[in-house]
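**Student:** Let me see the structure of the following:
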Amino acid sequence: MTVREETEALEAQFLSPNACLAAKSRGRRVPVEPCPVRTCFQRDTDRIVHSKAFRRLKHKTQVFLQPEGDHYRTRMTHTLEVSRIARTIARGLRLNEDLTEAAALGHDLGHTPFGHAGERVLDEILPGGFAHNEQSLRVVDRLEKDGEGLNLSYEVRRGILCHTGPDRAETWEGQLLRLADKIAYINHDIDDAIRAGVLREEDIPRAITQVLGDSKTKRITALIRSVVENSREGAIAMDPATYQAYTELEAFMYQAVYLNEYAKKEERKVPHIIQSLFVHFRNPDHLPDYMQKIAEEEGVDTASCDYVAGMTDHYAVACYQELFIPKAWNLGLGH
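**Tutor:** Residues are numbered from 1 along each chain as shown. You can find the predicted model right below:
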C-alpha cells in the first residue's frame with residue numbers, strides 16, 4: 001500500500017459522510033498516473049501554489065489601490081486568509097481539508113489588476129462579459145503552463161468556479177468556500193480600513209457588534225462557530241441571527257468603505273488604463289508569443305482579456321506608461 005493509499009484509507013475511516021473522499025474524486029479532464037505520496041487534492045494544491053498566476057496575486061489589489069504601507073492586504077494575503085478560515089471550518093465538520101485548501105488557494109487566480117474595479121471595466125467592454133470566478137477556472141484550465149492548464153480534479157475546479165455567482169458546488173467543501181471567502185474579506189477589509197483611517201472600530205453599529213463581537217478575532221470566531229455548529233446536518237449555513245448580523249455588517253461596509261469617495265478616489269483612473277490596454281492588445285502583433293494561439297483559436301478579444309486580466313497592478317501601470325506616456329527625449333544637446 002502506498003502512502004497515498006494509506007491517506008485515502010484514513011479519510012474513509014475518519015471523515016464525515018458529507019466529506020468528499022479523494023479516492024472517489026471524479027478525476028481530471030486528462031487522466032494521469034496517481035502520485036504514490038499525495039492524494040489528488042494534495043497534488044492540486046501543489047500545482048496551484050507553484051503556478052505563475054498564484055505568484056502574481058502578491059501584486060494585485062484587494063481593496064485599497066496601491067496603498068502606502070507594508071501591512072495592507074493583497075489578493076495573495078486574502079487568499080491565504082480564506083484558506084485558513086476554510087480549513088478551520090472543514091476540520092470542524094470533518095470534511096476534506098485538502099480539497100478545501102486547493103479550492104481556496106485557487107479561487108481568485110482570475111482576478112484582474114486593481115481588484116473589482118478592473119473586473120467591472122472588463123465586464124463592460126468584453127463581449128459576453130467578464131467574471132473573476134469564471135476567469136479563475138479559465139486560468140487553471142486553459143492559461144497556465146503556456147496553454148496546457150493545470151489539469152485539476154473536478155471537485156477543485158467546481159469549488160473555484162462556484163465560490164461566487166449563481167452556481168453551487170456539489171461538495172460540502174466547495175460550498176463552505178463561499179462563506180469562508182465572505183468571512184475573510186469582510187473582516188480584513190475592516191482591518192485595512194481602520195489602518196487607512198477610513199473607519200474606526202467604534203463606527204460599526206452596536207447592533208452588529210453585540211452579535212459578532214467588537215474585534216476582528218471575535219467576529220471571525222463567531223462567524224466560523226456559527227457555520228460549524230449549524231452545518232452538521234443538511235447544508236452549509238449560519239444561524240439566522242448571525243447571518244443577519246453579517247448581512248448588516250456587509251451593508252455597513254459598502255456605505256462606509258467600498259463606496260467611500262476617499263478610499264476609492266484612485267479607482268477613477270482604472271477604467272482608462274484597462275480600456276487602453278485592452279484595445280492595444282487586441283492587435284495580435286502586440287501580444288506575447290504564448291498568447292498567439294489563443295488569439296488564433298478564440299479571437300483577439302478573448303486573448304486581450306486574458307492577457308490584461310492576468311497582469312498585476314504594477315505591471316499594468318508599467319505597460320500603460322510604456323505605451324502611452326511620452327518619454328523625455330535625450331538629444332545630447334548641451335546648454
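**Student:** tell me the SS of the residue sitting nearest the centre point of the chain?
**Tutor:** The centroid of the chain falls nearest to residue 108 when counting by C-alpha atoms, centre = their mean (1.9 Å). Three-state call for residue 108 (DSSP: H, G, I helix; E, B strand; the rest coil): coil.
**Student:** ok, it touching residue 132?
**Tutor:** Yes - using C-beta atoms under 8 Å, residue 108 is in contact with residue 132, at 6.8 Å. C-beta coordinates here come from the backbone N, C-alpha and C atoms, glycine included.
**Student:** Next, the distance between the ends of stretch 27-36.
**Tutor:** 16 Å (C-alpha to C-alpha, to the nearest Å).
**Student:** swap that for stretch 294-312, please
**Tutor:** With C-alpha to C-alpha as the measure, stretch 294-312 spans 20 Å from end to end.
**Student:** Tell me the spatial nearest neighbour of residue 223, not counting adjacent residues.
**Tutor:** residue 183 (4.6 Å; C-beta to C-beta, 6 or more residues apart in numbering).
**Student:** Just the CA atoms of stretch 139-147, as CSV, please.
**Tutor:** Coordinates of each C-alpha in stretch 139-147 appear next as CSV, following Å, rounded to 0.1, in the frame of the first residue of the first chain:
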residue,chain,number,x,y,z
VAL,A,139,-6.6,30.2,-15.7
VAL,A,140,-6.3,26.7,-14.3
ASP,A,141,-8.0,25.0,-17.3
ARG,A,142,-6.5,26.9,-20.2
LEU,A,143,-4.0,29.6,-19.4
GLU,A,144,-1.4,28.2,-17.0
LYS,A,145,1.7,26.3,-18.3
ASP,A,146,1.6,28.1,-21.6
GLY,A,147,-1.9,26.9,-22.6
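**Student:** Pull out the buried positions in it.
**Tutor:** For stretch 139-147, a neighbour-count test (16 or more other C-beta atoms under 10 Å) marks 139, 140, 141, 142, 143, 144 as buried.
**Student:** now those in CSV, with pLDDT, secondary structure and distance to residue 21?
**Tutor:** Listed next are the buried residues of stretch 139-147 as CSV, based on pLDDT from 0 to 100; DSSP: H, G, I helix; E, B strand; the rest coil; distance: C-beta to C-beta, whole Å:
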residue, pLDDT, secondary structure, distance to residue 21
139, 98, helix, 26
140, 98, helix, 22
141, 98, helix, 23
142, 97, helix, 28
143, 97, helix, 30
144, 97, coil, 26
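**Student:** Check the burial of residue 152 by counting its neighbours.
**Tutor:** A count of nearby residues for residue 152, using other C-beta atoms under 10 Å, gives 27.
**Student:** same question but for residue 241, I mixed them up
**Tutor:** Neighbours of residue 241 (other C-beta under 10 Å): 11.
**Student:** now swap in residue 6 and tell me
**Tutor:** 11.
**Student:** Quickly note the distance from it to residue 258.
**Tutor:** 47 Å (C-beta to C-beta, to the nearest Å).
**Student:** Could you do residue 183 as well?
**Tutor:** According to C-beta to C-beta, residue 183 and residue 258 sit 17 Å apart.
**Student:** out of those two, which sits in the busier spot?
**Tutor:** More crowded of residue 183 and residue 258, by other C-beta under 10 Å: residue 183, with 24 against 14.
**Student:** How about the contacts made by that one?
**Tutor:** 85, 220, 223, 224, 227 (C-beta atoms under 8 Å, 6 or more residues apart in numbering).
**Student:** a strand runs through it, doesn't it?
**Tutor:** No - if the criterion is three-state DSSP, then residue 183 is helix and not within a strand.
**Student:** Need the pLDDT of it.
**Tutor:** pLDDT recorded at residue 183 is 97.
**Student:** and residue 325, what does it touch?
**Tutor:** Contacts of residue 325 (C-beta under 8 Å, 6+ apart): none.
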